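In: Using only what follows, build the 3D model:
(chains A and B)
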Amino acid sequence: MKTASAVLIVAGALFGGDPGEPLLENRELSACRQDPTGCAIRSSWEVMANPMGNIRPSDASLEAPEELDRSVLGRRFSLLESWHRLDGAGFLVGNELGDQVLQEIPHGTSPENRNPATCVRLASPDSLPWRVFARLEQVDHFSDANLGRRVLLLHAPSLGSPWPHDRFAWFGENLPPYSLAGAGASWMSPNLYAQASYLHGWLWQHLPVSDILVPWRANRLDATLRWKSLRWNHLEQSLSRERGPGSVETSAGALAWTFDSPQILEAGIRYRTESARGAHETSVWSVGPWARHSLEAGGWRWAGFHRVDREGHLARDTVGWNGLRSRTRLSAELSAQWSDRPDGIRPELESALTGREIAESATEEHAYRIDLRVERPLGPLVLETSNTPMAAISPRAFVADSFDASGRWGRRASLDGILWGWDRQASLGWIPSEAFSVECAVVARDRWGDPAEQADMTPAKRAVSWSVRLANNSGLSLRTSLGWNSGTVVRNLSNRPATAGRGWSLDAWLRQRLFDDRLELSLTLADLLAGNEPDLPDGGQRRARLLVAGSWNL
Amino acid sequence: MAVCAALASGLAASACGGSPRLFDSTRIETGVLLGIPTGSLDGPYGPSPAYRFGMSTTYSDGIHAVGSIQYAPLEGEVAAHYLVAACGLEALWPGGFATAALLSLHYARALEEHRPPLQLDGGESEFGIDLRASWMPRRWRKPGIALRSTASFAFTEPERSLWIWSGIDLTWEWP
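Out: Predicted coordinates:
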């Protein structure tokens, strides 16, 4: 049974219908799940999606070196994700509900525009040695909060110009936070795989530490070469600030040797050079070994990722066991992460761009987590509970010296003491048939210890959700989810802590599968009870949204 | 039975005695409608003609999947292109009557730029719901006709928008 914390992970609904069963992919809009800083698209809807709050995700996600290159100055952008997942064809169009359209004429132009999101992906079948793929992604949701500043920085684009470079977007005139398009090709033989792709577009970023809004024109060239067990990824990326001084050039890659085994066992070397020009010029480089593994035997699993280089080190390991005892599924997992640069932020580059001293602590951060789960079916009922105690020693937080119109000024510091956490969840599912099911869940999260009141974010303490699913035998299914959660506290984005996202939320998903599930159409109504109010410092209004998506598996 | 097995993995299956599937029967439709704006829209706009192209296909017993695209050149206070794309399900009733609920996407764009600029100058879109009633005389199918009336809501602010579109479609159905 899916743990029904849908109220907290509605982020999955954006590019897919059901959070548990994504349509295109289960993705967030931006980097907001880690921290609202660094996101041009900023809303409580994104922030609430972070169930772990300030404690590092020390689960078994096997972060491969190339995934680190989805970052811009240390903030990961899901729109820069790898091409490898591209499969078949898919589209998504979405809108924040409440545009004026023709109502603008009798009622006058409203300053609050509603904004769209568009995503189109195409890939040829992978049954041939050659494969081509292309995509366009433009996301404009939650972006009204800084539209005025975006216009101030770039001026309103000319409506008459057909050129994307005059509009800073592939289409439209909204100066969208992300507008990226690209294409690529690959060739595969039994021993050799080669892939190259190119991405061009525009993205707006709040710099990770100073929170200054910057418009980037992005060019990104990716290449992968795999010969037998040896793989080489390389990335060339340039970010040029539109209508202003500033650029970041990145050249990065990784060599990997995959051991011939049914288990995952990889090791290699990663390298990166990066230079920034702005107020002054700087460049950084790093090279070092990395390894990742996931070994399983008899219900036991040991997974981890380790790297070390000039920029610092990261070690992440998870040991887990799961098994079935008289129809009761039990699982236990112990995770740990050690790192001196857990954020991956490169303060030297931000210093060069802003001309201000940007400092980040290099104190070792430790994070530990134990996850215990019990799942028990009782006829049509399924009961599940989980307990997750955790601790972080020297967790990171932004410590402000001042806030002013140009940004926030201070340093990324390690907090003294231990941040403790304990998450509990209980859920009950009633699944009388394939056509009907009901789930409800309660969640409690507590954070305490000396750093608790200084952490950048404290997740919602309490949450409850109810979910109903209906399906017919024509491939049509409907799911609704009603949730309540207490507020997520966001500190350090403003002089005073802000509470975001407190209250009720209602989401609905309608999905139609056709042609033996090769065609899937979905309709998502997200956050229908949203009150059209901003609830984060410099955040966009939380708005109800409607998203329509389709995917065709070739 | 081999034919039925082959069909079961794909499209038409009603010939084998099962529920109808997509494309057991398909109809294309094109027609002209007259749209009447309501609420605050009846000030800036009067009744407008629209041109519609649609498609309908079997979905399950007594239900069709339907989709359409409709274009209206609006003349009034601000001349605009107005496009509505919709898809949904249609229930068939005795006597050739049918009712449908469709999800619609409304798009409008002013025909010229304004000073001060309007958001409509760059194009505006919003989702909505169409509720449609039709009557299709059964005796004519190739070609046929359908009389339709649609209440088309868009989830706009500060008021919801409602147009009533009524008109006639020419249809062709096969097999």
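
In: Excluding covalently adjacent residues, which one is nearest to B:L105?
Out: Of all residues not flanking B:L105 in the chain, B:A85 sits nearest, at 4.9 Å (CB to CB, 6 or more residues apart in numbering or on different chains). For every residue, glycine as well, the C-beta is placed using N, CA and C.

In: I'd guess that neighbour is in a strand, am I close?
Out: Yes. Assessed with DSSP: H, G, I helix; E, B strand; the rest coil, B:A85 lies in a strand.

In: That one and B:S104, how far apart?
Out: Applying CB to CB, to the nearest Å, one obtains 7 Å for the distance of B:A85 from B:S104.

In: and those two? which has more neighbours close in?
Out: B:S104 (21 against 16; other CB atoms under 10 Å in any protein chain shown).

In: quick one: pLDDT of residue 36?
Out: If you meant another chain, say so; for now it's chain A. Looking at A:P36, its pLDDT is 63.

In: try again with chain B
Out: So B:I36 comes in at 97 (pLDDT).

In: What strand or helix carries it?
Out: strand B:26-37 (DSSP states H and E).

In: List the strands paired with that strand, with their directions.
Out: strand B:48-60 (antiparallel), strand B:161-174 (antiparallel) (DSSP bridges).

In: Could you provide those in JSON lines, with additional columns for distance to A:E360, mean neighbour count and mean pLDDT?
Out: Shown next, in JSON lines, are the strands paired with strand B:26-37 (distance: least, CB to CB, whole Å; neighbours: other CB atoms under 10 Å in any protein chain shown; pLDDT from 0 to 100):
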{"stretch": "strand B:48-60", "distance to A:E360": "58", "mean neighbour count": "19", "mean pLDDT": "95"}
{"stretch": "strand B:161-174", "distance to A:E360": "51", "mean neighbour count": "18", "mean pLDDT": "95"}
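
In: got those strands as a markdown table, with distance to A:G323 columns?
Out: Shown next, in a markdown table, are these (distance: least, CB to CB, whole Å):
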| stretch | distance to A:G323 |
| --- | --- |
| strand B:48-60 | 43 |
| strand B:161-174 | 58 |
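
In: Tally up the residues packed near the closest residue to B:L111 other than its chain neighbours, please.
Out: Counting by CB to CB, 6+ apart, B:L111 lies nearest to B:A79, which is 4.3 Å off, once chain neighbours are set aside. Residues near B:A79, counting by other CB under 10 Å, number 12.

In: phi, psi of B:A79?
Out: Dihedral pair for B:A79: phi -70, psi 140, per degrees, to the nearest 10.

In: Does it touch B:H114 like I think?
Out: No. Taking contacts as CB atoms under 8 Å, B:A79 lies outside contact range of B:H114: 10.9 Å.

In: ok, residue 147 - how many residues close by?
Out: Went with chain A since none was named. 20.

In: My question was about chain B, not that one.
Out: 15.

In: hang on, isn't it packed against B:W140?
Out: No. B:L147 lies out of contact with B:W140 (CB under 8 Å); the separation is 12.0 Å.

In: ok, and the helix or strand in the chain with the lowest average confidence?
Out: Picked chain A for this. The weakest-scoring helix or strand in chain A, judged by mean pLDDT, DSSP states H and E, is helix A:44-47 (a mean of 60).

In: downstream neighbour of it in the secondary structure list?
Out: Scanning onward from helix A:44-47 (DSSP H and E), the first element met is strand A:71-72.

In: So for that following strand, mean pLDDT?
Out: 76.

In: and if you look at stretch A:386-397?
Out: Mean predicted confidence for stretch A:386-397 is 93.

In: Could you export it as PDB, CA atoms only?
Out: Extracted C-alpha coordinates of stretch A:386-397, given in PDB (Å, rounded to 0.1, in the frame of the first residue of the first chain):
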ATOM      1  CA  SER A 386       6.200   3.600  10.300                       C
ATOM      2  CA  ASN A 387       8.600   5.100  12.900                       C
ATOM      3  CA  THR A 388      11.500   7.200  11.800                       C
ATOM      4  CA  PRO A 389      13.800   8.700  14.400                       C
ATOM      5  CA  MET A 390      16.700  10.800  13.100                       C
ATOM      6  CA  ALA A 391      19.500  13.100  14.100                       C
ATOM      7  CA  ALA A 392      21.700  15.600  12.400                       C
ATOM      8  CA  ILE A 393      24.900  16.900  14.000                       C
ATOM      9  CA  SER A 394      26.100  20.300  12.800                       C
ATOM     10  CA  PRO A 395      23.200  20.800  10.300                       C
ATOM     11  CA  ARG A 396      23.500  23.700   7.900                       C
ATOM     12  CA  ALA A 397      21.400  26.800   7.900                       C
END
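
In: Is the closest residue in space to B:R141 that isn't next to it in sequence bridged to anything, and to what?
Out: The shortest distance from B:R141 to any non-neighbouring residue, by CB to CB, 6+ apart, is to B:E173 (4.6 Å). Under the criterion DSSP bridges, B:E173 forms beta bridges with B:R27.

In: Next: A:M188.
Out: A:Y193.

In: Contacts only, for it.
Out: Contact partners of A:M188, counting by CB atoms under 8 Å, 6 or more residues apart in numbering or on different chains, are A:126, A:129, A:131, A:194.

In: What separation do you get for the second one and chain B?
Out: Going from A:P129 to chain B by CB to the nearest CB, to the nearest Å gives 27 Å.

In: ok, that residue touching A:L192?
Out: No. Counting by CB under 8 Å, A:P129 stays clear of A:L192, with 9.8 Å between them.

In: Keeping just the C-alphas, turn stretch B:168-175 into PDB.
Out: Only the C-alpha atoms of stretch B:168-175 are listed here, as PDB (Å, rounded to 0.1, in the frame of the first residue of the first chain):
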ATOM      1  CA  ILE B 168     -25.800  22.200 -36.700                       C
ATOM      2  CA  ASP B 169     -23.100  19.700 -37.600                       C
ATOM      3  CA  LEU B 170     -22.700  17.600 -40.700                       C
ATOM      4  CA  THR B 171     -21.400  14.100 -39.800                       C
ATOM      5  CA  TRP B 172     -20.000  11.000 -41.400                       C
ATOM      6  CA  GLU B 173     -19.900   7.800 -39.600                       C
ATOM      7  CA  TRP B 174     -18.200   4.500 -40.400                       C
ATOM      8  CA  PRO B 175     -18.300   1.600 -40.600                       C
END
